[in-house]
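1. mind looking at a prediction? Sequence and model below.
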Amino acid sequence: IELWDKDNEEEYYDLKIALNNNFENNIHELFAFFPTKIDIKFPFIIHGTFDLNSSRNQINDSQKNRFILKKLVELIVETAKNITKQEVSYKALEMLTYNYQEHILKELGFYSYIDYVLEELEIFPCLDNTYRKKNNVIYIDELSIFVNNTNKVDIFPNLLIPNNVKINLSRYLLSTSVTNDKLNILSRSITDINQRVDLIYMFYHTFKHQKLEFLIDKNMNLISLEDDVFTPSKYEFSIPSYVNIKFMNKELFDKLVLKFKIESSEKSRELQRILKEITNIHSYEPAPVLQKIITSTNQELKKDNINKEYFIVEMIQSLYENFMLVEKTTIPVDTKIQLLNKNKTLTDAKNLYLSDSYHSGEMTEYLFKNIFTNNDFLANIQIYKLQNEVIEDVEEFFLWLGVNKYTKFNKINSDPNYEKFIFAKIDKPLA
């Protein structure tokens with residue numbers, strides 16, 4: 001390539017760089033046949049036919065030098081790409097990385113052209129073994145390592161290769177975000193449970209405060225974010241078809257406990273505490289599971305044009321199976337439980353009494369038949385399809401749900417001022 005100077009005399013320039021395989025270099029002077037006083041710290045030696053001043057220690061501010069320095073940057077890029085033809089690497093970036101700007105070279109635009117190259121040329125190495133421009137790549141090193149190790153490059157082709165040389169890539173202001181759709185595709189593509197453990201562990205440390213579908217059930221199916229996920233239970237819970245409850249895969253749970261080095265005796269609670277910001281996980285306890293079944297049924301009952309009896313019966317069938325299965329637990333007192341009365345309309349359990357369909361309800365219905373109506377008595381046992389169960393168990397179950405056996409007690413908070421007024425007028429009764 002030729003350059004014309006101000007006297008229109010044709011001149012030629014020569015540029016060479018010398019580097020070793022490990023990119024180590026202790027000679028930092030710029031050479032123009034002999035070393036100059038210009039300190040240029042790159043991992044290679046640079047020689048060029050620069051226009052020097054009379055001392056031959058500095059280069060002049062000339063059009064020729066500006067031209068040669070521009071070509072030097074291009075030579076560095078091409079050299080890096082030539083030595084990495086078989087496999088892309090960070091060598092091009094490494095060769096163009098500078099930690100300070102030598103003032104003469106800065107004035108001649110050397111560093112500005114490097115910056116331009118970094119913006120405009122395809123020198124950023126990606127997982128699909130190609131180079132891309134800065135604005136077309138994503139830099140998330142932990143994700144890159146995982147994607148590379150699991151051969152999922154087709155999902156993230158423009159993800160930068162793992163930064164094994166530890167270049168300070170943050171200086172380039174690269175994109176560090178990926179879409180949830182891409183991450184969900186990645187999660188769905190993982191079939192090996194050990195890889196899923198690594199995925200969750202990586203995501204926890206890299207993408208906090210962002211929930212995705214990572215957990216799987218006992219059948220290795222991915223659990224939707226629309227489902228409430230509980231840590232594993234030793235019981236096989238009965239869950240109505242319309243209730244979004246899943247239980248986490250036991251093997252996945254055990255491996256995550258090991259991965260996160262959870263040594264607490266409350267392993268379910270500790271894992272839930274760790275993963276709650278990236279998944280919709282809950283620590284298993286019977287009461288929340290049962291409460292979820294009840295509240296989900298209440299939500300269904302609010303819908304128009306539905307068979308309310310169907311949902312009530314399915315809820316009762318499920319709750320009864322679980323009542324007989326798990327250790328006895330208490331449903332939170334503020335939980336609204338709706339049941340069918342003898343007229344097959346909805347009534348809160350706490351306002352119902354056992355009817356004569358149940359042994360303990362025979363006397364109640366006989367005594368109050370002229371006081372209570374069918375709206376006050378629990379629907380017959382056949383309605384709930386429990387007629388083949390042990391009647392004592394069924395009675396205990398409905399009482400557990402809040403149905404009254406003989407009487408109903410209402411707690412009334414008395415006015416303390418009224419109480420003081422009364423006992424100011426009369427003596428308190430003897431204890």
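-> Arrived safely.

2. helices of the stretch 301-431 of the chain, start to end?
-> 308-325, 359-367, 391-400, 416-425 (DSSP state H, counting those that start in this stretch).

3. including mean neighbour count, could those go into CSV?
-> For every residue, glycine as well, the C-beta is placed using N, CA and C. Formatted as CSV, the helices of the stretch 301-431 of the chain follow (neighbours: other C-beta atoms under 10 Å):
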stretch, mean neighbour count
helix 308-325, 18
helix 359-367, 16
helix 391-400, 17
helix 416-425, 9
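
4. reformat the ones you listed as CSV; add mean pLDDT and distance to residue 175.
-> Compiled in CSV, the helices of the stretch 301-431 of the chain are given as follows (pLDDT from 0 to 100; distance: least, C-beta to C-beta, whole Å):
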stretch, mean pLDDT, distance to residue 175
helix 308-325, 96, 48
helix 359-367, 89, 68
helix 391-400, 95, 56
helix 416-425, 70, 65
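
5. redo those as CSV? Include distance to residue 180.
-> Shown next, in CSV, are the helices of the stretch 301-431 of the chain (distance: least, C-beta to C-beta, whole Å):
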stretch, distance to residue 180
helix 308-325, 33
helix 359-367, 54
helix 391-400, 42
helix 416-425, 56
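
6. of those, which is nearest residue 230?
-> Nearest of those to residue 230, taken as C-beta to C-beta: helix 308-325 at 12.9 Å.

7. any idea of the angle the closest one forms with helix 391-400?
-> 110 degrees (axes from the mean of the first three to the mean of the last three C-alpha atoms, to 10 degrees).

8. which residues does helix 308-325 contact?
-> Contact partners of helix 308-325, identified using C-beta atoms under 8 Å, 6 or more residues apart in numbering, comprise 235-243, 286, 289-290, 293-294, 297, 300-301, 338-340, 344, 346, 383-386, 389, 393-394, 397, 400-401.

9. can you do 7 Å?
-> By C-beta atoms under 7 Å, 6 or more residues apart in numbering, the surrounding residues in contact with helix 308-325 are 235, 237-240, 290, 293-294, 297, 300-301, 338-340, 344, 346, 384-386, 393, 397, 400.

10. which of these count as buried?
-> 237-240, 290, 293-294, 297, 300, 338-340, 384, 386, 397, 400 (16 or more other C-beta atoms under 10 Å).

11. so which of those residues belong to strands?
-> 338-340 (DSSP state E).

12. distance to residue 215 and pLDDT added to those, as JSON lines?
-> What follows is these, written out as JSON lines (distance: C-beta to C-beta, whole Å; pLDDT from 0 to 100):
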{"residue": "338", "distance to residue 215": "31", "pLDDT": "97"}
{"residue": "339", "distance to residue 215": "34", "pLDDT": "97"}
{"residue": "340", "distance to residue 215": "36", "pLDDT": "97"}
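
13. what's the longest helix in the protein?
-> When the chain is parsed with DSSP state H, its longest helix is helix 63-82.

14. who are the packing partners of the next helix-or-strand element following it?
-> Sequence order places helix 91-96 as the next helix or strand after helix 63-82, per DSSP states H and E. When contacts are defined as 3 or more C-beta pairs under 7 Å, 6 or more residues apart in numbering; DSSP states H and E, helix 91-96 packs onto helix 63-82, helix 110-120.

15. so the shortest one versus helix 63-82, what angle?
-> By that I understand helix 110-120. Going by the same axes, to 10 degrees, helix 110-120 is angled at 40 degrees with respect to helix 63-82.

16. I'd like the next helix or strand past helix 110-120.
-> Downstream of helix 110-120 (by DSSP H and E), the next one is strand 124-125.

17. give me the contacts around stretch 211-223.
-> Applying C-beta under 7 Å, 6+ apart, the contact partners of stretch 211-223 are 180, 183-184, 187-188, 196, 199-200, 203, 224-225, 229, 246-250, 252, 278-281.

18. just the ones of those in strands?
-> Reading strands off the contacts of stretch 211-223 with DSSP E, I get 229, 246-247, 281.

19. which strand or helix spans the residue lying closest to residue 293 once chain neighbours are set aside?
-> Spatial nearest neighbour of residue 293, excluding adjacent residues (C-beta to C-beta, 6 or more residues apart in numbering): residue 243 at 5.4 Å. Following DSSP H and E, one finds residue 243 outside all helices and strands.

20. residue 243 and residue 296 touch, don't they?
-> Yes. Counting by C-beta atoms under 7 Å, residue 296 is a contact partner of residue 243 at 4.3 Å.

21. packing partners of the helix or strand that contains residue 271?
-> Counting by DSSP H and E, the element that carries residue 271 is helix 267-275. Helix 267-275 sits against helix 250-259, strand 281-282, with contacts defined as 3+ C-beta pairs under 7 Å, 6+ apart.

22. let me have the ones in strands among the contacts of stretch 211-223 in CSV, extended by distance to residue 309.
-> Conversion of the ones in strands among the contacts of stretch 211-223 to CSV gives the following (distance: C-beta to C-beta, whole Å):
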residue, distance to residue 309
229, 30
246, 27
247, 28
281, 34
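
23. quick check on those: which are buried?
-> Buried among those (16+ other C-beta under 10 Å): 229, 246-247, 281.

24. looking at these, which is nearest residue 102?
-> Here the nearest of those to residue 102, counting by C-beta to C-beta, is residue 281; it sits at 55.3 Å.

25. tell me the pLDDT at the closest one?
-> At residue 281, the model reports a pLDDT of 93.

26. assess the claim that it and residue 273 are in contact.
-> No. The pair residue 281 / residue 273 is not scored as a contact, 9.6 Å apart, by C-beta under 7 Å.

27. pLDDT below threshold where in the chain?
-> Within the chain, the stretches with pLDDT under 70 are 1-11, 409-416, 418-419, 425, 428-431.

28. list the contacts for the residue lying closest to residue 338 once chain neighbours are set aside?
-> Closest residue in space to residue 338, ignoring its immediate chain neighbours: residue 346 at 4.7 Å, by C-beta to C-beta, 6+ apart. For residue 346, the contact set (C-beta under 7 Å, 6+ apart) comprises 301, 308, 338, 340.
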